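Novice: I'll drop the sequence and a predicted model, then ask my questions.
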Amino acid sequence: MYCIETTHLSHQFAPGKNILDDINLQVPTGSIYGFLGPNGAGKTTTLRLILGLLKKQKGEIRIFGQSLAQNRVAILRKLGSLIETPSLYGHLTAAENLLLLQKIYQCPKSRVPEVLELVGLPDTANKKVSQFSLGMKQRLSIAVALLNQPELLILDEPTNGLDPNGIIEMRELLKRLNQERGITILISSHLLAEIEKLVTHVGIIHKGQLLFEGTLPDLVHKQQESSRVSLVTNDNTRSLQLLQTLQPNAQQQNGKLLLPLLPPEQIAQLNRHLVQNDIDVYHLAVEKNDLESIFMELVKN
Amino acid sequence: MATILFNSIQSEWMKTKRSAAFWLVLIGGFFIPGILTLMYMVYIKRLGAIYSAEKFWEKWLINGWESMSIFLLPMGIVLATSLIAQLEYKNNGWKQVHTTPQSLTTVFVAKYTVVLLLMLQLFVLFGLGMYLAGAIPAWYYGHIPYPKETFPWGRFIQINASFYVMALPIVALQFLLSLQFKNFMVSLGAGVGLVVASIMVLSWRYVYLVPYTYGAIHMLQLQGKMRFKSNILDIHYLALIYFIGFTLLSYILYLTKKEKG
């Protein structure tokens, strides 16, 4: 069951220039879905379409199994969001900002101190938002998104403006909300490192196209696939000939000999083979691509 | 449906608390009465003659409207209406408003109701201010005989209500402009331009076609100084027709807007 599902979603701001091109997003219920892509990739446009902030041009959006076009109000009742910069009224206090939404959601007033506590702003209820730092505004925006006890949270780069400690706290909060309350979270970011410790699923978008979608283990598997064994010897040309007798995939690149990732026993065997043929091995290592490199590789290709 | 709309209006009303529009209405409502109070506190000798005149209160109110209707009221409406919509643009609020579980119609009606209520507040404060401006000097200088006639509440409300109707086309067009344009200067500039233009066309034969002049026309009608008569409809009906027309246009443009935050 998918909490969010888009089918053939495309969007243009100017004729002939696709900002989104055939996006088929599938966010499983109960997951924390990291929506990744560099700046300008189309993340915010996708999220704005999912929230109905942009008029849909092509494709279909289903949330909680219902069509957004036909059930907008019912869907929004079960959803909390934060898109780009915080939407807060600077001349009102933190509590007043929450109370004016409490009127609309008709949730208990006790939710106001609860969510302020939850995001680490318990003593700021009567402080004007214009006096808040960007990080505090970001936290208050999360409080706003949580006010109606949503089943789905859509957060567009929520860690913007937060200090490293704030980022860790935010990560822990989102994990807790997901695990304890079963809230599905769709979170966008341009930094994989920032969300890889948080997400269960990943979607990578670049230039309006979804390049990868799957679980985090899928992405880790991709990472392992691209890991290699590298060697440097006193005679790389002869070493390559020797290695190719055992591993036909061996190749020479930038002064290094490269082989696909092998089990440790086979790596030891290759080393022994070289040494027995009077080759001095200066360097032998497994080169692991981190997830960030995979992300960059996907984006570059 | 009614409950949802009521909650939405309450929520929109809360946003005006301590806002620039709130202060503008408060100060705007008491501005002319405040000046008149000060004036008669200083020139107390004139007050005795004015108090003893027939239909003092009506003349007193029209005197206030004379200062208010041509320039200050339209300018106040232009500013206050633009500031209400600007609350959302300035605070990135539209995307929050449009992701709450409300239909677009509810959002539009709630926001528009708040603008109309704020304008009503301006008129109520002005009326109250004019009453106080007439009464305070007499209360302060006990030796001046207070107007003998009983306070004409009915006529007072009628005159104020008439001016409110005259103001409605400006409210509607300014609301339309401020919803459509993110840049505050567009709605403000257009509003100021139209107010200035309306003063210039006051002696034009077809002045009834320009809704921004209706407050001034009504003022001149009350004083018996209006040169031309409307040969189409009574000015109240014209004002309501413009108001309904601009409101419908505003609603359609709002619904069909491609980007909602």
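Specialist: Noted; the coordinates are in hand. Residues are numbered from 1 along each chain as shown, chains lettered A, B, ... in the order given.

Novice: Quick check, residue A:258 in contact with residue A:229.
Specialist: Yes: with contact defined as CB atoms under 8 Å, residue A:258 reaches residue A:229; the gap is 7.2 Å. Every residue, glycine included, has its C-beta placed from N, CA and C.

Novice: These two: which is more packed in?
Specialist: A side-by-side neighbour count of residue A:258 and residue A:229, using other CB atoms under 10 Å in any protein chain shown, places residue A:229 first with 21 against 17.

Novice: thinking residue B:110 is in contact with residue B:9, fair?
Specialist: Yes: checked against CB under 8 Å, the pair residue B:110 and residue B:9 is within contact range at 4.7 Å.

Novice: Which of the three states applies to residue A:282?
Specialist: What DSSP: H, G, I helix; E, B strand; the rest coil gives for residue A:282 is strand.

Novice: Verify the stated contact: it with residue A:236.
Specialist: No: the pair formed by residue A:282 and residue A:236 falls short of the contact definition of CB under 8 Å, at 10.1 Å.

Novice: joint contacts of residue A:258 and residue A:229?
Specialist: Taking CB atoms under 8 Å, 6 or more residues apart in numbering or on different chains as the contact rule, residue A:258 and residue A:229 touch no residue in common.

Novice: Residues of chain A that sit close to chain B?
Specialist: Where chain A comes near chain B, counting by CB under 8 Å from any CB of the partner chain, the residues are A:48, A:51-55, A:72-74, A:76-77, A:79, A:81, A:83-92, A:96, A:99-101, A:103-106, A:144.

Novice: Could you rerun that using 7 Å?
Specialist: A:51, A:53-55, A:73, A:76-77, A:81, A:83, A:85-92, A:96, A:99-101, A:103-104, A:106 (CB under 7 Å from any CB of the partner chain).

Novice: about what we covered before: so if I had to pick from residue B:110 and residue B:9, which one is more boxed in?
Specialist: A count of neighbours by other CB under 10 Å puts residue B:110 above the other of residue B:110 and residue B:9, at 22 against 19.

Novice: what sits against the more buried one?
Specialist: With contact taken as CB atoms under 7 Å, 6 or more residues apart in numbering or on different chains, residue B:110 is in contact with B:5, B:8-9, B:12.

Novice: again, only this time at 6 Å
Specialist: Listed by CB atoms under 6 Å, 6 or more residues apart in numbering or on different chains, the contact set of residue B:110 reads B:8-9, B:12.

Novice: Helix or strand: which one has it?
Specialist: When elements are defined using DSSP states H and E, residue B:110 is found to belong to helix B:104-140.

Novice: Pull out the buried residues from the worst-scoring helix or strand of chain B on mean pLDDT.
Specialist: Evaluated with mean pLDDT, DSSP states H and E, the helix-and-strand set of chain B has its lowest mean pLDDT in helix B:44-52, which scores a mean of 79. The neighbour-count check on helix B:44-52 (16 or more other CB atoms under 10 Å in any protein chain shown) flags B:47, B:50-51 as buried.

Novice: Same check on stretch B:249-259?
Specialist: Along stretch B:249-259, the positions that meet the burial threshold by neighbour count (16+ other CB under 10 Å) are B:250-251, B:254.

Novice: of these, closest to residue A:161?
Specialist: For the buried residues of stretch B:249-259, the closest approach to residue A:161 (CB to CB) belongs to residue B:254, at 31.3 Å.

Novice: any low-confidence regions in chain B?
Specialist: Counting by pLDDT under 70, chain B shows low-confidence ranges at B:143-144.

Novice: which residues in it form helices?
Specialist: Using DSSP state H, the helices assigned to chain B run over residues B:2-15, B:20-42, B:44-52, B:56-67, B:73-90, B:94-97, B:104-140, B:153-180, B:184-200, B:214-223, B:235-255.

Novice: Just say which of those is most tucked in.
Specialist: The highest average neighbour count among the helices of chain B, using mean count of other CB atoms under 10 Å in any protein chain shown, belongs to helix B:73-90 at a mean of 24.

Novice: Now do that one and helix B:104-140, the angle between them.
Specialist: Between the direction of helix B:73-90 and that of helix B:104-140, the angle (axes from the mean of the first three to the mean of the last three CA atoms, to 10 degrees) works out to 130 degrees.

Novice: Extract the CA atoms of helix B:73-90 and return them as PDB.
Specialist: Extracted in PDB, the C-alpha atoms of helix B:73-90 (Å, rounded to 0.1, in the frame of the first residue of the first chain):
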ATOM      1  CA  LEU B  73     -11.300  57.000   3.500                       C
ATOM      2  CA  PRO B  74     -10.400  55.700   0.000                       C
ATOM      3  CA  MET B  75      -6.700  55.800   0.900                       C
ATOM      4  CA  GLY B  76      -7.400  54.000   4.200                       C
ATOM      5  CA  ILE B  77      -9.300  51.300   2.300                       C
ATOM      6  CA  VAL B  78      -6.600  51.000  -0.300                       C
ATOM      7  CA  LEU B  79      -3.900  50.600   2.400                       C
ATOM      8  CA  ALA B  80      -5.900  48.300   4.800                       C
ATOM      9  CA  THR B  81      -7.200  46.000   2.100                       C
ATOM     10  CA  SER B  82      -3.700  45.600   0.500                       C
ATOM     11  CA  LEU B  83      -2.200  45.000   3.900                       C
ATOM     12  CA  ILE B  84      -4.500  42.100   4.700                       C
ATOM     13  CA  ALA B  85      -3.600  40.100   1.600                       C
ATOM     14  CA  GLN B  86       0.000  41.200   2.100                       C
ATOM     15  CA  LEU B  87       0.000  39.400   5.400                       C
ATOM     16  CA  GLU B  88       0.200  36.100   3.500                       C
ATOM     17  CA  TYR B  89       2.700  37.200   0.900                       C
ATOM     18  CA  LYS B  90       5.000  38.800   3.500                       C
END
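
Novice: quick one: secondary structure of residue A:10?
Specialist: Following three-state DSSP, the label given to residue A:10 is strand.

Novice: surely it meets residue A:23?
Specialist: No: counting by CB atoms under 6 Å, residue A:10 stays clear of residue A:23, with 7.3 Å between them.

Novice: Make a markdown table from the buried residues of stretch B:249-259 and add distance to residue B:82 to it.
Specialist: Output for those, formatted as a markdown table (distance: CB to CB, whole Å):
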| residue | distance to residue B:82 |
| --- | --- |
| B:250 | 13 |
| B:251 | 18 |
| B:254 | 15 |
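
Novice: about what we covered before: ok, residue A:282 and residue A:236, which is more surrounded?
Specialist: For residue A:282 versus residue A:236, neighbours defined as other CB under 10 Å are more numerous around residue A:236 (16 against 9).

Novice: wait, what's in contact with that one?
Specialist: Shown here is residue A:236, whose contacts under the criterion CB under 6 Å, 6+ apart are A:252, A:257.

Novice: roughly how far apart are it and residue B:9?
Specialist: In this structure, residue A:236 and residue B:9 are separated by 78 Å, where distance is defined by CB to CB, to the nearest Å.

Novice: Which residue is it, in chain A, that comes closest to chain B?
Specialist: Checking chain A residue by residue against chain B with CB to the nearest CB singles out residue A:87 as nearest, at 3.5 Å.

Novice: So that residue sits against residue B:92, correct?
Specialist: Yes: with contact defined as CB under 6 Å, residue A:87 and residue B:92 form a contacting pair (4.6 Å).
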